[in-house]
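Chemist: Need a 3D model of the following:
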Amino acid sequence: MHVSRAAGAINPSQQVNTFLQNWNATSGHASTLPKYIKTLLKTGKDFNVSIAAVKLDRYIKGNMPMWYHLSSNKALRRLDNTPRSECLRESHNVTTVMDLLKMINKPSKPFSGKTRAHKEHNRCACWACKDDREKGCTKPRTCREAVRKLLSNLTEKWHPEREAPQDNLTLTHRRQEKNAEVLEDGGNFLFDPSITEKRGISGALRVFATPDAIDRPVATRSKRSIIVQQEMTTGYIITIPATKTTPENAAERAKGLVYYGSADPQNTSVIPSTTEEETTNELLEIA
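Modeler: Numbering: from 1, shown residues only. The predicted model follows:
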C-alpha cells in the first residue's frame, strides 16, 4: 500500500493497519487502490476513527503492531528502521509488542538445564543465544538491548506490563456469572461499570475520537476518602497526679491537658469538678 510522504520511510512488510499504526495511506486520485478501499480510508479519516478506549487491558496493548506504533514519539520512530529492528523483524519474527516481551523473557536454558549459563555478550553460548543465531541473528545481545530500548519508549498507557491503578469498577467473577445466567433465564441484569476495554483491538476503536485520545493519560478513579488536616496532628494527653486540697477533708482532684504544640489554639486544659476516676474518663473522651 502506498503511504503519504509525511509518513516517511515505511517497511512494506510491516504495513498492518493504518488505523493501528502511525502512517497514512494515500487515497487521492493518484492512488492505485480500489475505489471502495479509498472510500473506506477517506470515511475513517473524516470521522476520526482511532483507538480511543478509556483504558486498555494487557491483551490489547500486547497485540498492537510494534513497528510504527500508534503512539510513536520521535525517539521510538527512529528505532523502526535500524539494522537491529530489521533483524528483529527478519530473524526474530517480531511484529507485535507481545513478541518483544516474549523475546526479552526468553529463558537462557531449556528445561533440561544442560547448557552454559547466559553471559552478556554476542558470543554467548547459552541455549537462548544459540537458538537466536540459528535463526540468523548475528548479535543476540545487541538485539535484546534494542528490545529493551523499544519497550522503554512505550508510555505507561501502551506498555503491556504497566498496569493502571485498580479502580474497582469491574464486576466480580461471581456477578459476571450471574449476569450470564440472567441472559439465559431472564431476570435483573447488573450493569458492569468497568471502563477497561477487554473485547480486543476491534472493540477499542472509536469514531469521532479527539486528536489527543492516543496520548491522553490512563483514566483513573479518584479516591473517595478525604484527609482532614486536623486528623494529621498528634495530640499529647498529660495528667497531673491528684493532690490534697484545702480543707483537709476535701476530695482528691486530678488535672490534665491536651497538648498539640507550642501556641496551638487546640491546646486544652482539663480541671474536673469531680473525682480522679471521672477525670480519667473525661480525658479519654477528649482524646
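
Chemist: What distance do you get for residue 117 to residue 125?
Modeler: With distances taken as C-beta to C-beta, to the nearest Å, residue 117 is found 9 Å from residue 125. In this view, the C-beta of every residue, glycine as well, is placed from N, C-alpha and C.

Chemist: let me redo that: residue 148
Modeler: 22 Å.

Chemist: Neighbour count: residue 117 and residue 125, which is higher?
Modeler: residue 125 (12 against 9; other C-beta atoms under 10 Å).

Chemist: Give me the three-state assignment for the more buried one.
Modeler: Following DSSP: H, G, I helix; E, B strand; the rest coil, residue 125 is assigned to coil.

Chemist: residue contacts, residue 163?
Modeler: residue 58 (C-beta atoms under 8 Å, 6 or more residues apart in numbering).

Chemist: Tell me how far it lies from residue 124.
Modeler: Residue 163 is 32 Å from residue 124, by C-beta to C-beta.

Chemist: And residue 42, by the same measure?
Modeler: 51 Å.

Chemist: pretty sure residue 269 belongs to a strand, no?
Modeler: Yes. Counting by three-state DSSP, residue 269 is part of a strand.

Chemist: residues near it, how many?
Modeler: Quick note: residue 269 (other C-beta under 10 Å) scores 10 neighbours.

Chemist: Name the residues linked to the residue lying closest to it once chain neighbours are set aside by a beta bridge.
Modeler: Closest residue to residue 269 apart from its sequence neighbours, by C-beta to C-beta, 6 or more residues apart in numbering: residue 257 at 4.4 Å. With DSSP bridges as the criterion, residue 257 is bridged to residue 238, residue 269.

Chemist: hang on, isn't residue 257 packed against residue 268?
Modeler: Yes. The criterion here is C-beta atoms under 8 Å, and residue 257 meets it with residue 268 at 6.3 Å.
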